[in-house]
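Undergrad: build the 3D model from these lines:
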Amino acid sequence: MGLALLAIIWLITFVSTYFFIAQTWWLPHGAAAAAPWIDHQFALTYVLMGIVFVAAQLSLGYLAWRYRDHKDAAPVEYSHGNIKLEVLWTTLTAILFIGLNLMGSHVWASERFEPAKPDAVPVEVTGMQFAWYFRYPGPDGKYGKTDPKLEDPSAGNEAAIGLETTDPASKDDVVAGTMYLPVGREVNLTLRAVDVIHSFFVPALRFKQDAVPGLAIHMHFTPTEIGDYEMACAELCGLGHYKMHGMVRVVSQADFDKWLADREAEKQ
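TA: Down below sits the predicted model:
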């Protein structure tokens, strides 16, 4: 039985390790300025955790075989533990996890706590059951007022987010169900949620942030490659959660300006 347990444990260990080494399930190609650093941190974490995992599983398999029950087995000796070893592996674990956290804190904080550049593209992201809406402030650079009493999700677009059409600042606001962004320019996001907690997740842009009712959460990132990138809600937000996905389209500056101008013209 001990040999069988060793074989099973080691087989599971080697097979699962293979899938990570072969990267059969991995992140999509990164298309944001922070992607290289995030990918490096991601890979480093997996390598370090992988070494610990493999070492622990190989040891487990060996011990299951070494101390198996057989006729020549020595009498069992019970131990109450070793304080020095416990302090050692607890300290090493703390150093590993705190170290990884400190390494990743800079890029994480730079997108959340540092202000966006003055020429960043402002976009408001609103999540609701079960859709995303994106608002651009227009030429005046100001968002119009919204009122929860005016929200009508079934109507879509401006009515869905409760835009006050009587507010002069709202006249040039553009609300869309697809997110358009210009390549190479920083995007200054304001995330909102209407009903429950949602999570705005764009894997290719290495961006993920919860949207919380009652809060306006500010973040920023920079797309670096033109293309269409899938977005989704990464928070279980209700029965229709599976439908809450869409596209982020990163286009040239000229195409972005044209798209925005066309949407402005439709409002006239």
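
Undergrad: for the one helix or strand Leu92 maps to, packing partners?
TA: Per DSSP states H and E, Leu92 falls inside helix 83-110. Judged by 3 or more Cβ pairs under 8 Å, 6 or more residues apart in numbering; DSSP states H and E, helix 83-110 is in contact with helix 35-66. Bear in mind the C-beta positions are built from the backbone N, C-alpha and C, glycine included.

Undergrad: any idea how far the helix it packs on is from the chain center?
TA: Computed by Cα atoms, centre = their mean, to the nearest Å, the chain-centroid distance of helix 35-66 equals 22 Å.

Undergrad: could you give the mean pLDDT of it?
TA: The predicted model assigns helix 35-66 a mean pLDDT of 90.

Undergrad: any chance you could list what contacts stretch 117-129?
TA: Stretch 117-129 has contacts (Cβ atoms under 8 Å, 6 or more residues apart in numbering) with 132-137, 141, 143, 151, 153, 160-161, 179, 181-182, 185-196, 198, 200, 211, 220, 233, 237-238, 240, 244, 256.

Undergrad: mind giving me the PyMOL command for buried ones among these?
TA: One line in PyMOL is enough to select the buried members of the contacts of stretch 117-129, burial here meaning 16 or more other Cβ atoms under 10 Å:
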select buried, resi 132+133+134+135+136+137+143+151+153+160+161+179+181+182+185+186+187+188+189+190+191+192+193+194+196+198+200+211+220+233+237+244+256
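
Undergrad: in strands, which of the contacts of stretch 117-129 appear?
TA: Judged by DSSP state E, the subset of the contacts of stretch 117-129 located in strands is 132-136, 179, 181-182, 187-193, 198, 200, 211, 220, 233.

Undergrad: which elements pack onto the host helix or strand of Phe14?
TA: Counting by DSSP H and E, the element that carries Phe14 is helix 2-21. Helices and strands touching helix 2-21, by 3+ Cβ pairs under 8 Å, 6+ apart, are helix 35-66.

Undergrad: by contact count, what packs against the helix it packs on?
TA: Using 3+ Cβ pairs under 8 Å, 6+ apart: helix 35-66 touches helix 2-21, helix 83-110.

Undergrad: would a markdown table of those with distance to Val76, mean pLDDT and mean neighbour count be doable?
TA: Conversion of the helices and strands packed on helix 35-66 to a markdown table gives the following (distance: least, Cβ to Cβ, whole Å; pLDDT from 0 to 100; neighbours: other Cβ atoms under 10 Å):
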| stretch | distance to Val76 | mean pLDDT | mean neighbour count |
| --- | --- | --- | --- |
| helix 2-21 | 15 | 87 | 13 |
| helix 83-110 | 20 | 89 | 11 |
